[in-house]
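Visitor: Fold the stuff below for me.
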Amino acid sequence: MKHQLKILLICFTMSFGQTDNKSSKEKIENQIIVKSNTNETEINELKYQNTILKERIEQASDTINNQNSLVSGFSVIYTIITIIIALLGISLPILTYFFGIRPSQKALADFEKNIDQKMGEYLENSRNNQIDQAIENLSGDNQELIISAINFLSITNHQGFKENQIFKMFKILRESNLDDPKKGTIANLLSSKKNIYATDFFKNAIFTTGNVKGSAIKYFANNDLSENVNLFRELMKNAVDQNSEFYTIMTYCAITNKNAVKFLFNDKEFVDTIKKEFEDIIKSNFKHGLSSFARNFSLTEDELKETYLYSNFI
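Guide: From the prediction side, this is the model:
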């Protein structure tokens, strides 16, 4: 009985062991299958993740490339701007000098160089305008303006007058109703400069009386006396009072140009017009006051003795 129990126990044990082994094997296989499935899933997930990662890397690479391109573009632009700024920094002072400072310096130099000329032109234009106004005032009826005009013309006479201004003044002398002293003053202003208006006017004025006649004598004493000496010969020849005419002629000549005195004293035709009455007066002056006679006409005694007048009446 005991023996049979042992056999049954052994069989049961072996049966149980086989069952356990079989079960264990199945578990292992199942585990292998599960693990295999798990590994495959993980592999698939890894592949998927790898694909996604690759795509993201590519996107990141594209983004980086785009950013690099953009940065490169900005870098080029920055480089260009830097070059332009550098060129401006170099060229701007040069351009400023050549187009700003240098023209200004040249203009200033030209201004300093021509300032006297410009100022002279301005003053001359201003003076001419004032002269024109003064001449216009001479033709009016306002005596105060006429006197002021004559005074102004007298002050500026040393600078001379323009041709058209001279013409207007001679026209006033011919046509205006100014009194003799005023006409004489104006005529005297015009007696120092030779021109066709003056020659024409004074050829007639020398045969008048008063201050204008004195201006005419002064004019010819200074201008071409040799060509107009017949005027003086005629004055002496037709004079009612040769003594007065002689002293009038010679006094104005002496005031103006003593060479005119010498010329007339040596002109035979002029001296020969002297009549007996006046000749006696001259001889008396030579006898009693030769030096005084000479000084009256701005001559020395020796200069007088060298003239035809002296040798003819001594």
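
Visitor: element containing residue 188?
Guide: Following DSSP states H and E, one finds residue 188 within helix 180-189.

Visitor: buried set for the helix or strand following that helix?
Guide: Sequence-wise, the next helix or strand downstream of helix 180-189 (DSSP H and E) is helix 196-205. For helix 196-205, the neighbour count (16 or more other Cβ atoms under 10 Å) marks 197, 198, 201, 202, 205 as buried. Using the backbone N, CA and C atoms, a C-beta is placed for each residue, glycine as well.

Visitor: Dump the residues you listed to TSV, plus distance to residue 140.
Guide: Output for those, formatted as TSV (distance: Cβ to Cβ, whole Å):
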residue	distance to residue 140
197	22
198	24
201	22
202	25
205	23
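
Visitor: Next one, pLDDT for the nearest residue to residue 166 once chain neighbours are set aside please.
Guide: Leaving out its chain neighbours, the residue that sits closest to residue 166 by Cβ to Cβ, 6 or more residues apart in numbering is residue 197, at 5.6 Å. For residue 197, the pLDDT comes out at 93.

Visitor: now swap in the one 10 residues further on and tell me
Guide: For residue 207, the pLDDT comes out at 95.

Visitor: now swap in the one 3 residues further on and tell me
Guide: Residue 210 carries a pLDDT score of 88 in this model.

Visitor: One more: the one 3 residues further on?
Guide: Reading off the confidence values, residue 213 has pLDDT 96.

Visitor: Figure out the helix or strand that it lives in.
Guide: helix 211-222.

Visitor: contacts for that helix?
Guide: With contact meaning Cβ atoms under 8 Å, 6 or more residues apart in numbering, helix 211-222 is reached by 173, 180-181, 183-185, 187-188, 190-192, 194, 198-199, 202-203, 205-208, 228, 231-232, 248-249, 252-253, 255-257, 260.
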